[in-house]
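Chemist: Fold the following for me, if possible:
(chains A, B, C and D)
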There are 2 protein chains.
Amino acid sequence: MALRHAVLAALLEGELSGYQLTKAFDLGVANFWYAQPQQLYAELTRLEKGRLIAGREVIQEARPNKRLFRLTDAGLAELEEFTAAAAKPSFIRDDLLVKVQAADHVDSEALIAQLSERAAFARAKIDLFGKMLRSMRGDHTEEEFLRHGHRIGPYLTCLRGLAFEEGNRDWCEHTIAVLRERQKAHVQH
Amino acid sequence: MALRHAVLAALLEGELSGYQLTKAFDLGVANFWYAQPQQLYAELTRLEKGRLIAGREVIQEARPNKRLFRLTDAGLAELEEFTAAAAKPSFIRDDLLVKVQAADHVDSEALIAQLSERAAFARAKIDLFGKMLRSMRGDHTEEEFLRHGHRIGPYLTCLRGLAFEEGNRDWCEHTIAVLRERQKAHVQH
DNA sequence: CCATGATAGTCATGAAAGTGACTAGTCTTA
DNA sequence: TAAGACTAGTCACTTTCATGACTATCATGG
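Modeler: Numbers count the residues shown, from 1 in each chain, chains lettered A, B, ... in the order given. So this is what the prediction gives:
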């Protein structure tokens, strides 16, 4: 029951099609949840059956027809209930951490390559999140916006995403530096 | 194929029993992966069948017998291969983010309660990670240890865990402050 | 005029993760 | 001296996630 609520939360933004949702939940953009198209379409079907969302067909000329979904009252109630329930603590679960855990026993070059790639990805997302934040707050300062804006939820999750990626970037860079330093030291023996 | 490699990486530390692994993979301690006992025992069985680890029974007097597992050469090779392969980018997938995404439409008090709880949890882990790091590096400074220590993998993942939890704590506190501020402003209307 | 790429989705299947309930002996503490 | 926590693990089951393959149409660029 996790993707389920993420979809409901996304639909708070207004009516969205499955395809639009897939864009919002894309790995490259997602600031609060990630999922693949197939999962989303499946979830939408389930949610509609449960009457937590309602869809309507929109016939289009120039492109395939689509279905726009909106939250029902039952859906909003479900989300409310979910928010009140205790959350399980989260943790990082990342292949890259497993690899670094094994750092002393595996090839450093391969590891450094992975870390560089991840750092690059993190920088790209930092950039993107920066832009998203600026566009959400418009002409206001962050402080102003958070005080008086009327949809701060997405802004706040985006801030977390930004900090997370900054953490990733810094850690990757630091780890690379450490591994390089040790390579040098090792060669000199 | 994720827990699988995490278990292999954990066994780099030396022979461990299933029970010891469950301690290391516990939500309260895990600095690089989390899993439940049942998952671990199941994974250990699979890995042993695949000859990536080997177990030996240890008969004990005062407590139940146990099985100690160690990595085989095949297991180390598998881990090596895994490290060289491309990692998929990671992302946060957290109930709490979903809840904050919906912040504008749900009860703030409930949300603040969740955030406080998470912040407290984060502080506890920060403390724990600090202790773990100190104990790993012994009398050395961090710089010294990372340069010359001979098992820095766990230290590095622990550093990431620490930064992650600091990020959680800061974000939770900031978000709480923002929500409180808005509550005040709302009441005054 | 053909190859991409975007829009808009569907189906089937497998792998991974999570949950609840349960056994069984020992050690500690109120 | 009884209750609860710790050690050590197992069985059965469900939910969630992820993967690959597939169908259409339209627009754009070379």
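
Chemist: from the chain's centre, how far out does the one helix or strand residue A:157 maps to sit?
Modeler: Residue A:157 is part of helix A:153-187 when elements are defined by DSSP states H and E. Chain-centre distance of helix A:153-187: 17 Å, with Cα atoms, centre = their mean, to the nearest Å.

Chemist: now stretch A:100-109
Modeler: That offset, for stretch A:100-109, works out to 28 Å (Cα atoms, centre = their mean).

Chemist: Is chain B within reach of that stretch?
Modeler: Yes. Shown here: stretch A:100-109 in contact with chain B (Cβ under 8 Å from any Cβ of the partner chain) through A:100, A:101, A:102, A:103, A:104, A:105, A:106, A:107. C-beta here means a position set from N, CA and C on the backbone, and glycine is covered the same way.

Chemist: same thing with stretch A:132-146?
Modeler: Yes. Using Cβ under 8 Å from any Cβ, stretch A:132-146 reaches chain B at residue A:146.

Chemist: Run through who's touching that stretch.
Modeler: Stretch A:132-146 is contacted by residues A:31, A:148-149, A:152, A:154-156, A:158-159, A:162, B:178, B:181-182 when judged by Cβ atoms under 8 Å, 6 or more residues apart in numbering or on different chains.

Chemist: thinking again about what came up before, could you dump the residues of stretch A:100-109 next to chain B into TSV and include secondary structure, neighbour count and pLDDT?
Modeler: Formatted as TSV, these follow (DSSP: H, G, I helix; E, B strand; the rest coil; neighbours: other Cβ atoms under 10 Å in any protein chain shown; pLDDT from 0 to 100):
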residue	secondary structure	neighbour count	pLDDT
A:100	helix	29	96
A:101	helix	29	96
A:102	coil	25	96
A:103	helix	25	96
A:104	helix	17	96
A:105	helix	16	95
A:106	coil	22	95
A:107	coil	12	94
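
Chemist: which of those sit farthest apart?
Modeler: Across the residues of stretch A:100-109 next to chain B, the longest distance by Cβ to Cβ is 14.6 Å; it joins A:101 and A:107.

Chemist: Generate a ChimeraX selection restricted to the buried entries among the contacts of stretch A:132-146.
Modeler: In ChimeraX, this line selects whichever of those come out buried by 16 or more other Cβ atoms under 10 Å in any protein chain shown:
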select /A:31,149,152,154,155,156,158,159,162 /B:178,182
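
Chemist: Now render the contacts of stretch A:132-146 as a markdown table, adding distance to residue A:68 and pLDDT.
Modeler: Formatted as a markdown table, the contacts of stretch A:132-146 follow (distance: Cβ to Cβ, whole Å; pLDDT from 0 to 100):
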| residue | distance to residue A:68 | pLDDT |
| --- | --- | --- |
| A:31 | 22 | 89 |
| A:148 | 30 | 94 |
| A:149 | 25 | 94 |
| A:152 | 25 | 97 |
| A:154 | 19 | 96 |
| A:155 | 24 | 97 |
| A:156 | 26 | 97 |
| A:158 | 24 | 96 |
| A:159 | 29 | 97 |
| A:162 | 30 | 97 |
| B:178 | 31 | 98 |
| B:181 | 35 | 96 |
| B:182 | 30 | 96 |
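
Chemist: which one of the contacts of stretch A:132-146 is nearest DNA strand C?
Modeler: Among the contacts of stretch A:132-146, residue A:31 lies closest to DNA strand C (Cβ to the nearest atom of the strand), at 18.5 Å.

Chemist: would a markdown table of the residues of stretch A:100-109 next to chain B with distance to residue B:22 be doable?
Modeler: Listed next are those as a markdown table, based on distance: Cβ to Cβ, whole Å:
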| residue | distance to residue B:22 |
| --- | --- |
| A:100 | 22 |
| A:101 | 17 |
| A:102 | 20 |
| A:103 | 24 |
| A:104 | 23 |
| A:105 | 23 |
| A:106 | 25 |
| A:107 | 30 |
